[in-house]
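A.B. asks: Can you look at this prediction? I've put the sequence above it.
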Amino acid sequence: LPNSFTLPSGDRIPSVALGVWLAEKGKVGEAVKLSKMDTDTSTALGHTGHNEAEVGEALRESGIPRKEVWITSKLWNAFHAPGDIEPVLDESLSKLGTDYVDLYLIHWPVAFKKDTDNEVDWNLTDNPYPTWQKLEELVEKGKIRNIGISNFNIRRIQNLTSNPLKVRPAVNQVELSYWNPQPELVKWSKENGLLLEAYSPLGSAERVKETLEVPEVKKIAKILGITPAQVYISWHVQRGTVVLPKSVTPSRIEENFRITRLPQPLFDELEKAATSHKPERSVDPSERWGVDIWN
Ligand code: A2P
């Protein structure tokens, strides 16, 4: 299986990256240092704001050269206004102790009014182009190497890409798991050359136990002599997506970076099982925010 995918910029993004969203304080640093071990080209982090300082500290302590690390960060909903983006990015860069991020994502296809946490700014939500133009400017400035989106459905992607973009979206980071495998989005993204990144690839902390007990996966794991988590992580990469398994457990981090191609009949069996039940999302703030994100 590929250990990286090539982005429109020509940069190569690692196919398996360590997700540190929701990782407990104090454990992130250790996880970051460890994730170096099984990635020969680069260490990769997928994360959002609240543990950036800790990630930065771990990176400094590790002594890993900046260019060997892949850092993804995200623009929060309350900072979509063009004037608010650079200051909040600068804050992230300073916490991370770096002068650029490899990938910067619009976290949700929803903009909030400044200083609010659920008052939707409908102009910037319906028209994300001004936000995108500012991000393009920051690519020119060298503070961002690749721009992407997160939690965008096909309609919202097309709403963005119908503008005369100078920089194409490099990735769309979405929930992809056994419970919510989104086959239509996977197919559409492949056809349209947009790389997907899978978050909550093991069904998230609440469901991971149940996910690893799925009979088809246990069977495949047994046949191949690997763990159920490795079956899922391999399946995601084999579907053509970057995968971001979260873990703060050293042995699991190591385990999660060791992927292997599933023989086609076994891959097909897992794909069929995942897409034969009613999809269930584990992350959905729609109601809380008063906006239907998926429409
Ligand atoms: P922990 O961080 O304690 O190691 P997801 O990536 O879908 O959000 O799932 C995250 C959850 O999966 C966390 O609870 C994490 O636990 C657990 N997890 C990650 N990797 C493995 C693994 N290889 N085996 C079992 N559980 C895992």
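C.D. replies: That came through fine.
A.B. asks: Next, please give the residue ranges for the helices of the stretch 151-295 of the chain.
C.D. replies: Using DSSP state H, counting those that start in this stretch, the helices of the stretch 151-295 of the chain run over 154-161, 183-191, 204-212, 215-224, 228-238, 250-256, 264-275, 286-289.
A.B. asks: Deepest-packed of the ones you listed, please.
C.D. replies: Mean neighbours per residue, mean count of other C-beta atoms under 10 Å, is largest over those for helix 228-238, with a mean of 24. (Each C-beta comes from the backbone N, C-alpha and C, glycine too.)
A.B. asks: Just give me how far that one sits from the chain centre.
C.D. replies: 15 Å (C-alpha atoms, centre = their mean, to the nearest Å).
A.B. asks: contacting residues around that helix?
C.D. replies: Contact partners of helix 228-238, identified using C-beta atoms under 8 Å, 6 or more residues apart in numbering, comprise 1-2, 15-16, 176-178, 198, 201-202, 211-214, 217-218, 220-221, 224, 226, 242-243, 245, 252, 255-256, 258-262, 267, 270-271.
A.B. asks: at 6 Å what do you get?
C.D. replies: Taking contacts as C-beta atoms under 6 Å, 6 or more residues apart in numbering, the residues outside helix 228-238 that touch it are 1, 15, 198, 201-202, 212, 217-218, 220-221, 243, 245, 256, 259-260, 262, 267, 270.
A.B. asks: Which single residue of the stretch 51-200 of the chain approaches the ligand most closely?
C.D. replies: residue 200 (4.1 Å; C-beta to the nearest ligand atom).
A.B. asks: is it true that that residue touches residue 175?
C.D. replies: Yes - Residue 200 is in contact with residue 175 according to C-beta atoms under 6 Å; the separation is 5.1 Å.
A.B. asks: Settle it for me: which of these two has more neighbours?
C.D. replies: For the pair residue 200 and residue 175, the greater number of neighbours falls to residue 200 (25 against 21), based on other C-beta atoms under 10 Å.
A.B. asks: what secondary structure does residue 105 sit in?
C.D. replies: Reduced to three states with DSSP: H, G, I helix; E, B strand; the rest coil, the structure at residue 105 is strand.
A.B. asks: show me where pLDDT drops low in the stretch 1-150 of the chain?
C.D. replies: 19-50 (pLDDT under 70).
A.B. asks: mind listing the helices in it by residue range?
C.D. replies: Along the stretch 1-150 of the chain, the stretches classed as helices by DSSP H, counting those that start in this stretch are 28-35, 52-62, 82-96, 122-126, 129-140.
A.B. asks: Just name the most buried of those.
C.D. replies: Of all these, helix 28-35 has the most neighbours on average by mean count of other C-beta under 10 Å, namely a mean of 23.
A.B. asks: Any idea how many residues pack against residue 102?
C.D. replies: The local packing count at residue 102 equals 24, with neighbours defined by other C-beta under 10 Å.
A.B. asks: From residue 116, how far off is it?
C.D. replies: According to C-beta to C-beta, to the nearest Å, residue 102 and residue 116 sit 30 Å apart.
A.B. asks: Name the nearest residue to residue 115, ignoring sequence neighbours.
C.D. replies: Spatially, and ignoring its direct neighbours in sequence, residue 115 is nearest to residue 78 (6.8 Å; C-beta to C-beta, 6 or more residues apart in numbering).
A.B. asks: burial of the one you found, as a residue count?
C.D. replies: For residue 78, which is what you asked about, the neighbour count (other C-beta under 10 Å) is 18.
A.B. asks: And residue 164, by the same measure?
C.D. replies: With neighbours defined by other C-beta under 10 Å, the count for residue 164 comes to 7.
A.B. asks: does any bit of stretch 253-273 sit next to the ligand?
C.D. replies: Yes - shown here: stretch 253-273 in contact with the ligand (C-beta under 6 Å from any ligand atom) through 255-256.
A.B. asks: so how far is that stretch off the chain centroid?
C.D. replies: Computed by C-alpha atoms, centre = their mean, the separation of stretch 253-273 from the middle of its chain amounts to 19 Å.
A.B. asks: With stretch 78-91 instead?
C.D. replies: If you compare the mean C-alpha spot of stretch 78-91 with that of the full chain, they lie 20 Å apart, counting by C-alpha atoms, centre = their mean.
A.B. asks: Name the surrounding residues that touch it.
C.D. replies: Residues from elsewhere that reach stretch 78-91, judged by C-beta under 6 Å, 6+ apart: 111-112, 114, 124, 130-131, 134.
A.B. asks: For the chain, which residues are neighbours of the ligand?
C.D. replies: Taking C-beta under 6 Å from any ligand atom as the contact definition, the chain meets the ligand at 19, 200-205, 208, 229, 245-249, 252, 255-256.
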